[in-house]
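>>> got a sequence here, can you build the structure:
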Amino acid sequence: MKYLIIGLGNFGASLAEKLTSQGNEVIGIDTRMNKVDSLKEKVSHTICMDATDEFTVSGLPLKDTDVVVVAIGEDQGANVMVTALFKNLEVKRLISRAINPLHEKVLKAIGVDEIVHPEEETAERWAKKLCLSGVVDSFELGDDFSIVEMNLPPEYEGQKISEIGIRKKYNLLVLTTIKSSRVESSIGRSRKESKVQDVASPDLILEKGDILVVYGANKDIQSLLKKKFN
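Numbers count the residues shown, from 1 in each chain. You can find the predicted model right below:
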């Protein structure tokens, strides 16, 4: 996959390196030449440029880019400007970094697809989330076990949890489901809103668009994801 990461501070640089090491094509952008130079051997491509400049940004290969991550953390104003610019350019998937609750509200109003909280979430977690097909989010419980949010495979739609056989086939436990919907922000932008449901029962009927929250060994989770999403 192809990623564009704007802001090569600690979080942005770490994410760019991890995504590159996993075989992805990554373009890292920062206004500081020392940051760009320090990563040129570790990231696919690095560019020193001002991402608030619409003319310059429009020259980037945005149509071929799968995910844009605005990782600017030092300057909230620049973060908001860059995020709004890429939203207007209608990139495929836009993720932006929030510094505080007010900043997060502004980003939600702009209509970003997802928000990063680097103080709470590691670059390693986001690299896993972005690289494994079907994964919406993950939480590691030690080295061997995780709780993973995954998109519902189409073949499971309309079936009960007891019927899909995840426990028997993959030794995984479905903890709950999450339902997502699009809502309009105060300035007319649409954003995704998610709501966690009750503890999953064997008789729960799964619906299109549901997100499964699954617990188990990492090797079993990877087996399920490879079979259903590759």
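>>> so what's residue 78 up against?
The contact partners of residue 78, by Cβ atoms under 8 Å, 6 or more residues apart in numbering, come to 51, 52, 72. For every residue, glycine as well, the C-beta is placed using N, CA and C.
>>> what is the burial count for the residue lying closest to the last one once chain neighbours are set aside?
It stands for residue 72. Among residues not flanking residue 72 along the chain, residue 7 sits closest, at 3.7 Å (Cβ to Cβ, 6 or more residues apart in numbering). Counted with other Cβ atoms under 10 Å, residues neighbouring residue 7 total 28.
>>> state the pLDDT value of residue 7.
pLDDT, residue 7: 95.
>>> now do the contacts for it.
Per Cβ under 8 Å, 6+ apart, neighbours of residue 7: 29, 30, 70, 71, 72, 73, 79, 97.
>>> which residues of this structure fall in strands?
2-6, 25-30, 45-48, 67-70, 94-97, 114-116, 135-141, 145-151, 173-184, 190-199, 211-217 (DSSP state E).
>>> name the surrounding residues that touch stretch 21-38.
Here stretch 21-38 has contacts from 1-9, 12-13, 16, 19-20, 39, 43-51, 60-61, 65, 127, 131, using Cβ under 8 Å, 6+ apart.
>>> now those: which count as buried?
2-9, 12-13, 16, 19-20, 39, 43-46, 51, 60, 65, 127 (16 or more other Cβ atoms under 10 Å).
>>> picking up where we left off before, export the strands of the chain to CSV and append columns for distance to residue 165.
Shown next, in CSV, are the strands of the chain (distance: least, Cβ to Cβ, whole Å):
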stretch, distance to residue 165
strand 2-6, 35
strand 25-30, 37
strand 45-48, 44
strand 67-70, 32
strand 94-97, 34
strand 114-116, 31
strand 135-141, 20
strand 145-151, 16
strand 173-184, 11
strand 190-199, 19
strand 211-217, 13
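>>> by mean pLDDT, show me the worst of the ones you listed.
Among these, strand 135-141 scores lowest, with a mean of 69.
>>> just the CA atoms of stretch 68-76, as PDB, please.
Taking C-alpha atoms only, stretch 68-76 is exported to PDB below (Å, rounded to 0.1, in the frame of the first residue of the first chain):
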ATOM      1  CA  VAL A  68      -2.800  10.100   4.300                       C
ATOM      2  CA  VAL A  69      -1.700  10.600   8.000                       C
ATOM      3  CA  VAL A  70      -1.400  14.200   9.300                       C
ATOM      4  CA  ALA A  71       1.000  13.600  12.200                       C
ATOM      5  CA  ILE A  72       1.900  17.300  12.900                       C
ATOM      6  CA  GLY A  73       1.800  17.800  16.700                       C
ATOM      7  CA  GLU A  74       3.800  20.900  17.500                       C
ATOM      8  CA  ASP A  75       1.600  23.400  15.600                       C
ATOM      9  CA  GLN A  76      -2.200  22.800  15.900                       C
END
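>>> good, wrapping up.
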